[in-house]
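Engineer: okay, structure incoming, though there's no sequence with it:
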């Protein structure tokens, strides 16, 4: 069966520090991968999505970037964090191919910027 | 582009009663409609989904109905239990190559 892992679960970082959040998927190949951000009590904001290695689409101009160095690895980064980067970051995957299939989410990373 | 609206934003029901959450979508080409449940501090979990060739789907206490003509779909939870308390998101999608468009969420509280 397929599983998705995100780490760390919680992170406290000072303003101006760098960021690296990692997401990996097991049990499938060539998945679509997504990064979402969720502010407290709010909905899901799509940040980046990837349909293959090295293929990244950005949804919102911001202080963050994403990379996909391997087929099942998706990384969210920042060179200098801002206070506004605080939030709950969720990675998700979905199968590729014909037919609509659901997205499956990881358990998220709670990021607090001080 | 696609836009998904969801109502109500908050819902409180007594344990054992039914809960209904309604969503509307704007793009008639959308043909896949998943529902997610998000518990506090966790990622959203898929609870049920429906495709456009089906008008209704049921899984134990959960059912989803779809009206393609009116472009709306609903989640029905019967015999609610305290563990049903969570935020529920509806979503719509055209094809597996398109993005999933989520509604803003409904916070459901089941009062024991």
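Structural biologist: Thanks, I have it. As the structure is a prediction and not an experimental result, all values here were calculated from the model.
Engineer: I'd say residue B:11 and residue B:17 touch.
Structural biologist: No: look at residue B:11 against residue B:17 with C-beta atoms under 8 Å: they stay out of range, at 10.5 Å. Where C-beta positions appear, they are placed from N, C-alpha and C, glycine not excepted.
Engineer: out of those two, which sits in the more crowded spot?
Structural biologist: A count of neighbours by other C-beta atoms under 10 Å in any protein chain shown puts residue B:11 above the other of residue B:11 and residue B:17, at 17 against 13.
Engineer: pull up the residues of chain B that are close to chain A.
Structural biologist: Residues of chain B lying close to chain A (C-beta under 8 Å from any C-beta of the partner chain) are B:31-32, B:34, B:36, B:41-46, B:49, B:51, B:89, B:93, B:95-97, B:99-100, B:102-105.
Engineer: do a quick rundown of the strands in chain A.
Structural biologist: When assigned using DSSP state E, the strands of chain A occupy the ranges A:3-7, A:10-13, A:19-26, A:32-38, A:45-52, A:55-58, A:65-70, A:73-78, A:87-94, A:104-105, A:109-113.
Engineer: which residues touch the fourth one?
Structural biologist: Read that as strand A:32-38. When contacts are defined by C-beta atoms under 8 Å, 6 or more residues apart in numbering or on different chains, strand A:32-38 is touched by residues A:23, A:25, A:44-51, A:66, A:68, A:74, A:76, A:87-96, A:103, A:105, A:108, B:96.
Engineer: can you do 6 Å?
Structural biologist: Applying C-beta atoms under 6 Å, 6 or more residues apart in numbering or on different chains, the external contacts of strand A:32-38 come out as A:44-51, A:66, A:74, A:76, A:87-94, A:96.
Engineer: list only buried entries from these.
Structural biologist: A:44-50, A:66, A:74, A:76, A:87-94 (16 or more other C-beta atoms under 10 Å in any protein chain shown).
Engineer: dig out what the most centrally placed residue in chain A forms beta bridges with.
Structural biologist: The residue lying closest to the centre of chain A (C-alpha atoms, centre = their mean) is residue A:35, at 2.9 Å. Note on residue A:35: beta-bridge partners by DSSP bridges are residue A:48, residue A:91.
Engineer: and it, how far from residue A:26?
Structural biologist: Counting by C-beta to C-beta, to the nearest Å, the separation of residue A:35 from residue A:26 is 18 Å.
Engineer: look at the closest residue to residue A:46 other than its chain neighbours and say how many residues are nearby.
Structural biologist: Leaving aside its sequence neighbours, residue A:46 sits nearest to residue A:59 (C-beta to C-beta, 6 or more residues apart in numbering or on different chains; 4.7 Å). A total of 14 residues lie near residue A:59 under the criterion other C-beta under 10 Å.
Engineer: now the one 3 residues further on
Structural biologist: Under the neighbour criterion other C-beta under 10 Å, residue A:62 is assigned a count of 15.
Engineer: against residue A:47, how distant is it?
Structural biologist: In terms of C-beta to C-beta, residue A:62 sits 7 Å off from residue A:47.
Engineer: same question, residue B:41
Structural biologist: 20 Å.
Engineer: residue B:89 now?
Structural biologist: Distance of residue B:89 to residue A:47, computed by C-beta to C-beta: 17 Å.
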